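Colleague: could you look at this predicted model? Sequence included:
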Amino acid sequence: MNALRLLLVACLSVALACVSERTGPSLNPGVGNCQVPLAVIDSGHVVVAINNFTFVQDTIVVPQGATVTWINCEPDETEPHTTTSDTAGVWGSPDLTTGARFSHTFGAAGEFPYHCEPHPFMMGKVVVQ
Ligand SMILES: [Cu+2]
């Protein structure tokens, strides 16, 4: 139980740790190429990985003022993804190829659902408290 709790804490603080746990090299070699720059980690950004046509984690809860950074962790040659707010004009990334990233700072509390423009079945939500 304690181990599980520790894992959850680790996942909340650095989402990428979860990604590598969940999709190790044996399952998806391309994930091994996903690198989160130290500057992103040091700055306390909440990281959402994009992997296997999924936002990981797809729902995150962050404090007001948090910056969320999405990183495309797909294998090379995978179609680019975007992170695009369901509400027009709140945020919208350009096409993110493998290794590319995009950040948005959430100033106001609320629920912010989003999707990937080329793949509308890819959905996520940022809950700002
Ligand atoms: Cu996509």
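Modeller: Thanks, I have the structure now.

Colleague: quick one: residues contacting I60.
Modeller: By Cβ atoms under 8 Å, 6 or more residues apart in numbering, the contact list for I60 reads A15, V46, V48, V68, G124, K125, V126, V127. Quick note: C-beta positions are derived from backbone N, CA and C, even for glycine.

Colleague: quick one: which of these is nearest the ion?
Modeller: G124 (10.8 Å; Cβ to the ion).

Colleague: so how far is E77 from the closest one?
Modeller: Using Cβ to Cβ, to the nearest Å, G124 is found at 23 Å from E77.

Colleague: higher neighbour count, those two?
Modeller: Between G124 and E77, counted using other Cβ atoms under 10 Å, G124 has the larger neighbour count: 22 against 8.

Colleague: who's in contact with the residue nearest the centre of the chain?
Modeller: Nearest to the geometric centre of the chain sits V48, at 1.3 Å (Cα atoms, centre = their mean). Going by Cβ under 8 Å, 6+ apart, V48 touches A15, F55, V56, Q57, I60, V68, T69, W70, I71, T83, G124.
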